[in-house]
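Novice: Pasted the sequence and its predicted model underneath.
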Amino acid sequence: MCGIVGYVGKQQCADILVNALKKLEYRGYDSAGIAVHSEGKIKTVKAKGKIAEGLEAKLTNEGKPVGTCGIAHTRWATHGEPSDINSHPIGNGKITIVHNGIIENYREIKEFLISKGYVFESETDTETVAKLLDYYYEGNPKDAIISALNDIEGAYALGIIFKDFPEKIFAVRKESPLIVGKGNGENFIASDMTAILEHTKEYYLLEYGEIAELDGENIVFCDMHKTEITKELSVADWDLDAAEKGGYEHFMLKEIHEQPEVIKTTINPRIKDGMPDLSECGITPEKLKKYNKIFVVACGTAMHAGLVGKYVIEKIARVPVDVDIASEFRYRDPIVSEGDLVIIISQSGETADSLAAMRLAKKLGAETLAIVNVKGSSIAREADMLIYTHAGPEIAVASTKAYMVQIAVMYLLAFEIAFAMGKIDEAECRRLTSLLRETPDVIEKILEDTEDAQYIASQLITADSLLYIGRGLDYALSMEGSLKLKEISYIHSESYAAGELKHGTISLITDNMPVIAVATQTDLFDKTISNIKEVKTRGAKVIMVCREGYNPDKDIADFKFGLPDDVENLIMPMAAVVPLQLIAYYTSVLRGNDVDKPRNLAKSVTVE
Ligand code: AGP
């Protein structure tokens, strides 16, 4: 996902912009650039590749533009391959912009502008916006912005500078996130607070239909009729070192170790007198008991959190739950109606497919509940009901702590639904809630010794492909374990229902092929052992994730990762996912990969 920053104030801004871009690298990008009001001109320097090798090298060779007002961008290519010419900022020197999002009608606009004599240099949709602003500009930036936005369809966050206004930055957004940072004698725009936390914790959330105009002293907001708007100032509740590695080698390892803490910060405020209490989120037992059917719609790891939620809600609340991949839900003409609840799970709150799925669910008459980590994000703001997870900034592309708190919230929700529907009594609801509250200590203990996970990782690094298998909740977990491994180690893996192997996939088993068997569910354990024997006898190298008290013979498993025996089946996913995260992490490290920023991936996929 692209990153946007802007600075206007008293300081030279080139280094400020570049350092701010570096704080956004985790969003994934393939080129970067800056544009500065410099000596009466807009000077743009941009380059394909990583900031250090591309942009910074160019700035060293060409010299940094002198100036105190500028915008900057990291690009994750959507239209047009990664290249110098396609990188941002983009403009003709009179008007220069940075853009995050997708202009859906850029072809029509481009044809119109070409018919007016414009010549395009890049393959980007963004260039149409820059030239459209130029087409409408007659000396008043806001008039040009309003006219251009009236023609544009799609998602955008725009930072805009005009040569005629050397001390000002203008900003607008629709769907793609953008904030306006308030400093002391300096002001900022940014895609998220991580970029500018070292300068300020105060910020405004820019909303759709608002234009921000900022210089070093003032920030003025207006609507699309140029009527001034007063906005509420927010204060970031985490500081820079929360977004730094805190002594760990990678953000991912830090975030794995933060899990006990963020479970507490997420669920403890939602437990009152030993019972789940989501009333602060506008969710009451009366509301929850009226739903005929529940859908959980999400992408990737968030969808896997939904799978755990499905098993738990259906098991104790006896309400049918469908889990959908958001990009499938949107186009399968889902049978959703009034009286249904659609839960959207999203760490970033900006995933395009999940946002679109939520809008479809609302159009179909369902009530929507969002479980989101990033405050003020699009999904958070548009849902009917909202539960924020409090995982803090999750910087590693591979989600761990956000997943953990997503399932923790799903547990709380399941307990409250089951109690509201009379499927469990108060005593049982208290007991389950208490078990959930104990999970941080369980995870803390597992994290005390990661040696076994490191050893298991050493057994995987030369594999071409491997299987994760499990039954019930273990199967849901094996899906998350497989995705974690794939996305950061680049080793192919597949999650498979253990009982389904014999219907085809078992033909893949060859000598020494690793199979990670998740076998924590005591009621399914014997069945899973039978499935493990099927692969073991065919030469697989079996690694079990199971309870500590079970010691497999060598004809069953070559190695095991032991989990506490006394964790109840229902709650075990909170503990069992930790070894799966650690195994993926150490495998990636041993393979020398960029653990926090794996190839081809972005932290938040704001395009379809
Ligand atoms: C997680 O490890 C992945 N990076 C990815 O699958 C992610 O979970 C997915 O893109 C959904 O993102 P969201 O939670 O921000 O909506």
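Specialist: That came through fine. Residues are numbered from 1 along each chain as shown.

Novice: Do whichever strand or helix holds Thr301 and the ligand come into contact?
Specialist: Thr301 is part of helix 300-317 when elements are defined by DSSP states H and E. Yes. Using C-beta under 6 Å from any ligand atom, we find that helix 300-317 touches the ligand at Gly300, Thr301, Ala302. Every C-beta, even on glycine, is put in place using the N, C-alpha and C of the backbone.

Novice: For the residue lying closest to Glu123 once chain neighbours are set aside, grab the count of nearby residues.
Specialist: The shortest distance from Glu123 to any non-neighbouring residue, by C-beta to C-beta, 6 or more residues apart in numbering, is to Gly80 (3.1 Å). Under the neighbour criterion other C-beta atoms under 10 Å, Gly80 is assigned a count of 16.

Novice: Against the ligand, how distant is the most centrally placed residue in the chain?
Specialist: For the chain, the residue sitting closest to the mean C-alpha position, by C-alpha atoms, centre = their mean, is Ser348 at 3.8 Å. Separation of Ser348 from the ligand (C-beta to the nearest ligand atom, to the nearest Å): 3 Å.

Novice: got it, and Gly70?
Specialist: Counting by C-beta to the nearest ligand atom, the gap from Gly70 to the ligand is 29 Å.

Novice: what's the closest residue to that residue other than its chain neighbours sitting at in phi/psi?
Specialist: Distances taken as C-beta to C-beta, 6+ apart put Val36 closest to Gly70, at 3.6 Å, once the chain neighbours are dropped. Here is the backbone geometry of Val36 (degrees, to the nearest 10): phi -130, psi 140.

Novice: wait, what's in contact with Val36?
Specialist: Cys13, Ala14, Leu17, Ile42, Lys43, Pro65, Val66, Gly67, Cys69, Gly70 (C-beta atoms under 8 Å, 6 or more residues apart in numbering).

Novice: mind checking the SS state of the fourth one?
Specialist: Spelled out, that is Ile42. strand (DSSP: H, G, I helix; E, B strand; the rest coil).

Novice: what's the neighbour count on it?
Specialist: Look at Ile42: counted by other C-beta under 10 Å, it has 24 neighbours.

Novice: Also the one 10 residues further on?
Specialist: By the criterion of other C-beta under 10 Å, Ala52 has 12 neighbours.

Novice: so how far is the ligand from it?
Specialist: For Ala52, the distance to the ligand - C-beta to the nearest ligand atom - is 24 Å.

Novice: ok, back up a step: how much space between the residue nearest to Glu123 and Leu178?
Specialist: Per C-beta to C-beta, to the nearest Å, Gly80 is found 22 Å from Leu178.

Novice: Now do the contacts for the residue of the stretch 401-550 of the chain found nearest the ligand.
Specialist: Closest contact between the stretch 401-550 of the chain and the ligand, by C-beta to the nearest ligand atom, is at Glu487 (5.7 Å). Residues in contact with Glu487 (C-beta under 8 Å, 6+ apart) are Val397, Ala398, Pro598, Leu601.

Novice: Recalculate using a threshold of 6 Å.
Specialist: Ala398, Pro598 (C-beta atoms under 6 Å, 6 or more residues apart in numbering).

Novice: For the helix holding Thr301, which outside residues touch it?
Specialist: Contacts for helix 300-317 (C-beta under 6 Å, 6+ apart): 296, 298, 319, 321, 323, 325, 345-346, 399, 403, 406-407, 410, 414, 417-418, 421, 423-424, 473, 476, 479-480, 573.

Novice: Could you list which of those residues belong to helices?
Specialist: Judged by DSSP state H, the contacts of helix 300-317 include Tyr403, Gln406, Ile407, Met410, Ala414, Ile417, Ala418, Leu473, Ala476, Met479, Glu480, Pro573 as members of helices.

Novice: Run a quick neighbour tally on the second one.
Specialist: Looking back up the chat, that one is Gln406. For Gln406, the neighbour count with other C-beta under 10 Å is 28.

Novice: Would you tell me which helix is longest in this structure?
Specialist: The chain, longest helix under DSSP H: helix 426-447.

Novice: Could you list every helix and strand in contact with whichever helix or strand comes after that one?
Specialist: Once helix 426-447 ends, the next helix or strand along the chain (criterion: DSSP H and E) is helix 451-458. Using 3 or more C-beta pairs under 6 Å, 6 or more residues apart in numbering; DSSP states H and E, the elements in contact with helix 451-458 are helix 572-590.

Novice: got the buried residues for the helix it packs on?
Specialist: By 16 or more other C-beta atoms under 10 Å, the buried positions in helix 572-590 come out as 572-589.

Novice: Give me the residues contacting that helix.
Specialist: Contacts for helix 572-590 (C-beta under 6 Å, 6+ apart): 252, 256, 308, 400, 439, 442-443, 446, 450, 453-454, 456-457, 460-461, 473, 477, 481, 484-485, 488-489, 520, 545, 561, 563, 567, 595.

Novice: does the ligand sit close to it?
Specialist: No. Applying C-beta under 6 Å from any ligand atom, one finds helix 572-590 separated from the ligand by no less than 9.4 Å.

Novice: Strands of the stretch 501-608 of the chain, start to end?
Specialist: For the stretch 501-608 of the chain, the strands defined by DSSP state E, counting those that start in this stretch cover 514-519, 541-547, 559-563.

Novice: The shortest one pairs with which strands, and in what direction?
Specialist: Strand 559-563 sits in its sheet next to strand 541-547 (parallel), going by DSSP bridges.

Novice: Flag every buried residue along the strand it pairs with.
Specialist: Across strand 541-547, burial judged by 16+ other C-beta under 10 Å covers Lys541, Val542, Ile543, Met544, Val545, Cys546, Arg547.

Novice: do stretch 408-428 as well
Specialist: So, applying 16+ other C-beta under 10 Å, buried residues of stretch 408-428: 408-421, 423-424.

Novice: one step back: quick one: mean pLDDT over the helix holding Thr301.
Specialist: The average pLDDT for helix 300-317 rounds to 98.
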